[in-house]
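Asks: give the three-dimensional model of this entry:
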Amino acid sequence: MGRIVAIASGDLLSTRPLNKYAIKLAKKQNPNVLFIGTASQDAQDYRDTFTKEYNKLGCEVKCLCLVSAPGEDTINHLLQWADIIYVGGGDTVFMMQMWKKYGVDKKLKEIYEKDTAVLTGISAGAICWFCCGHSDSQSFSKESEWEYCWADGLGIVPMAFCPHYNEEGRGSFDAMLLEKDIVGLAMENNTAFVESDGERYFIRSNKEAQAFLIQYQAEEMQKRSVDFREI
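Replies: A predicted model of the protein is given here:
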């Protein structure tokens, strides 16, 4: 069993306590952090902002940029170098397509199985650790009308995931989940799902934020709020 900190949403400031928790799980004084920004098409400003934040937290940061078509040796070297792998937000569907093209999907699952790095990320970078997620990927390719859709994940956590659950339009996750024979996890901004030492639990950086487990039984929705651990 590996280590995961899947952050639903928020900015780098509001989620700093959650990021510090992921750093703590690495059990290194100055851990190596690999940022994977595929979902934002490796946006330079995102990479710069992330690097500045994690440098402040005592980490060394490198970036894996798949859009620039790195060689397999480069990909393998960066993944092996990392104590923490952080996946940024953006277009989940595009990200998963690129990961499959370069074999990063299989490599990340192997890292989880061998527990060689903490796996973390936000929004699309949280969806990826689950079976599937409630995604706004259509909004990146359509200028006007678009709908929320399912995006496949790596399937490490056997649930459907919804980030940004407190934001407009995300309530459609409840109805869409009826299509899936699977438990749903809906998380508001500044909350995170954690897996560590064989345990799965929840943390948050905003004490007002909530998260819910949702399941359908005989087409009737069962929804309950989760408890959070103090950090």
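Asks: can you name the residues that contact the residue minimising distance to the centre of the chain?
Replies: The residue lying closest to the centre of the chain (CA atoms, centre = their mean) is A126, at 1.5 Å. Contacts for A126 were tallied using CB atoms under 8 Å, 6 or more residues apart in numbering; they are A6, I7, A8, V87, G133, F161, P163, M187, A192, F193. Placement of C-beta: from N, CA and C, glycine included.
Asks: list the buried ones in the lengthiest helix in the chain?
Replies: Longest helix of the chain, by residue count under DSSP state H: helix 44-56. Buried residues in helix 44-56, defined by neighbour count with 16 or more other CB atoms under 10 Å: Y46, R47, F50, T51, E53, Y54.
Asks: packing partners of the next helix-or-strand element following it?
Replies: Helices and strands here follow DSSP states H and E; after helix 44-56, the next one along the chain is strand 60-64. Packing contacts for strand 60-64, counted by 3 or more CB pairs under 8 Å, 6 or more residues apart in numbering; DSSP states H and E, involve strand 32-36, helix 44-56, helix 72-81.
Asks: the protein: helices as residue ranges?
Replies: Counting by DSSP H, the helices of the chain are 16-26, 44-56, 72-81, 92-102, 104-114, 124-127, 172-176.
Asks: just say which of these is most tucked in.
Replies: helix 124-127 (a mean of 30; mean count of other CB atoms under 10 Å).
Asks: quick check: mean pLDDT of it?
Replies: Here helix 124-127 scores 98 as its mean pLDDT.
Asks: off-centre distance for it?
Replies: Distance of helix 124-127 from the chain centroid (CA atoms, centre = their mean, to the nearest Å) equals 3 Å.
Asks: and if you look at stretch 101-115?
Replies: On CA atoms, centre = their mean, the centre of stretch 101-115 falls 14 Å from that of its chain.
Asks: number of nearby residues for F228?
Replies: For F228, the neighbour count with other CB atoms under 10 Å is 16.
Asks: my read: it touches F202, true?
Replies: Yes: using CB atoms under 8 Å, F228 is in contact with F202, at 4.9 Å.
Asks: shared neighbours, those two?
Replies: T191, A211.
Asks: distance check, the spatially closest residue to E179 that is not a sequence neighbour against D45.
Replies: Leaving out its chain neighbours, the residue that sits closest to E179 by CB to CB, 6 or more residues apart in numbering is W150, at 8.0 Å. Separation of W150 from D45 (CB to CB, to the nearest Å): 29 Å.
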